[in-house]
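# How does the following fold in three dimensions:
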Amino acid sequence: MTSIKELSKYSRVDREKSLMIDEVLKEYEEPMLEEKLLLKELHEDISFSFKLSKVECDDIYASSSDSLPSKYCPKCGREFPEGENVCFDCLVHLKEISDKVDVSEIKSAPKFIFNGENDFEDFNRLLNKENLVKINEFDFSIDDFSDIVKDIKSQAFRNFDDLVKANEIDFDSLDILDKVILFTKSFVKVEYKSFGGQLGYFETGTIFIDDRQTKSLQITTLIHELSHFLIQEILIHILCTILDASRNSFMEVLSSFILSYAPFTQLIDEYSAHNVEGRFTVFGFQDYSSYKQIEQSLNGEMSFEEIEIIKSIGNTFAINIKEILEALIDRDLREEIKEQFLSDVLDRPNYNALKMENCQILNDEGFIKAIWLILNDGCEVASSNIEKLDELKEIFT
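The predicted structure is shown next:
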């Protein structure tokens, strides 16, 4: 049907992204030492004032009551004794600690359902000759793809509503990290890790996050790993559509294998996740480290042209993943994320990551051809590696 290189004729410039990057790089290309010093001085002044304010407030609260804290500020999280009703730093009414929900402790089991006429319960049946022919013929359109994005979005909304209602959560009282954790739990399970150098990772329907990191890094890590889940979920829905099949764990394992068996799909998956993460990160703090590790491991196996086309595919997936996430993380919440990021980070922004951004996206015809290439090649390889799929299935269960 097509090859990686042939996809280049279906690409076009994402002008909005290109102009935005050019403006940022033009404005911040030269180091601004004076601004950095001013920022540092401002931070020191704010920190000193905050410490004074906190000491003064603590003295007032301590003198007014010796009781244990029973209330908290829903904005800054500070705790107060029973006699207080207002946080004067944030100018909001206090809430009872006993009513506070610990979002990190909430258990979720989000479901994304796709019902079809067929239910393939082993890999030999799933990857039989008839199904491989259907995948190769690829009776799938951009309208079908749009329907899948809408379906995933609507199911995530339902999962989110169920979480809020079941746990009686006052969403507006949560801080921005808890809000993002709650959104993430509408898609996948979230567990916490306390070892290893990774900020987080996605595996078998669960995101593992290191909660020792700053709130802003936890937020962007959750979004990055959630993007890995969503590109996998999109591929599952496409396979189910083509094969008229119900979604099950065999589909999950197959899509996971397709995204990880070769550098071609690894790079698409990782570049897309970094691109989505960048949408919720302050300019100058984008990070493409895990993508670069994969690219460097190729040792020149792919041409520059092929790498750029892969980035274009990743960009196009990212646009659709961002559409899903922005349905939940709206403009106001994105501003809260930026504020949290700026309060956590004092290092000077580094705009070098923006220079490696690709500003090409595929048109509808090219994107469908790219998805065909991913699934057709992936399923062909998978059909010859049934034992490997069975091993992965053991991990999933």
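
# what about residue 370, how many residues close to it?
By the measure other CB atoms under 10 Å, the count of residues near residue 370 is 24. From N, CA and C alone the C-beta is placed, and that goes for glycine too.

# quick one: pLDDT of it?
Note on residue 370: pLDDT of 97.

# In terms of helices and strands, where is it?
Assigned by DSSP states H and E, residue 370 belongs to helix 364-383.

# downstream neighbour of the helix or strand hosting residue 202 in the secondary structure list?
In the assignment (DSSP H and E), residue 202 maps to strand 200-203. Proceeding N to C from strand 200-203, the next assigned helix or strand is strand 206-210, under DSSP H and E.

# Give me the sheet partners of that next one and which way each runs.
strand 189-193 (parallel), strand 200-203 (antiparallel) (DSSP bridges).

# Quick check: buried residues in it?
Going by neighbour count (16 or more other CB atoms under 10 Å), the buried part of strand 206-210 is 207-210.

# which residues sit against it?
184, 188-194, 196, 198-202, 218, 221-222, 225-226, 229 (CB atoms under 8 Å, 6 or more residues apart in numbering).

# can I get the CA coordinates of that strand in CSV?
C-alpha atoms of strand 206-210 as CSV (Å, rounded to 0.1, in the frame of the first residue of the first chain):
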residue,chain,number,x,y,z
THR,A,206,-1.4,1.1,35.0
ILE,A,207,0.8,4.3,35.3
PHE,A,208,3.5,4.1,38.0
ILE,A,209,4.5,7.5,39.2
ASP,A,210,7.3,8.6,41.5
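
# could you give the mean pLDDT of it?
Rounded mean pLDDT across strand 206-210 is 91.

# that older thread, any idea which of the strands paired with strand 206-210 is most buried?
The highest mean neighbour count among those, using mean count of other CB atoms under 10 Å, belongs to strand 200-203: a mean of 19.

# which residues are in contact with that strand?
Counting by CB under 8 Å, 6+ apart, 188, 193, 207-210, 218, 221-222, 224-226, 228-229 sit against strand 200-203.

# which element follows the helix or strand of the chain with the lowest mean pLDDT toward the C-terminus?
Least confident helix or strand, the chain: helix 33-64 with a mean of 45, by mean pLDDT, DSSP states H and E. Using DSSP H and E, the next helix or strand after helix 33-64 towards the C-terminus is strand 71-72.

# rewinding a little: using JSON lines, please lay out the contacts of strand 200-203 together with distance to residue 158.
Listed next are these as JSON lines, based on distance: CB to CB, whole Å:
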{"residue": "188", "distance to residue 158": "15"}
{"residue": "193", "distance to residue 158": "29"}
{"residue": "207", "distance to residue 158": "20"}
{"residue": "208", "distance to residue 158": "25"}
{"residue": "209", "distance to residue 158": "24"}
{"residue": "210", "distance to residue 158": "29"}
{"residue": "218", "distance to residue 158": "25"}
{"residue": "221", "distance to residue 158": "25"}
{"residue": "222", "distance to residue 158": "20"}
{"residue": "224", "distance to residue 158": "24"}
{"residue": "225", "distance to residue 158": "22"}
{"residue": "226", "distance to residue 158": "17"}
{"residue": "228", "distance to residue 158": "22"}
{"residue": "229", "distance to residue 158": "17"}
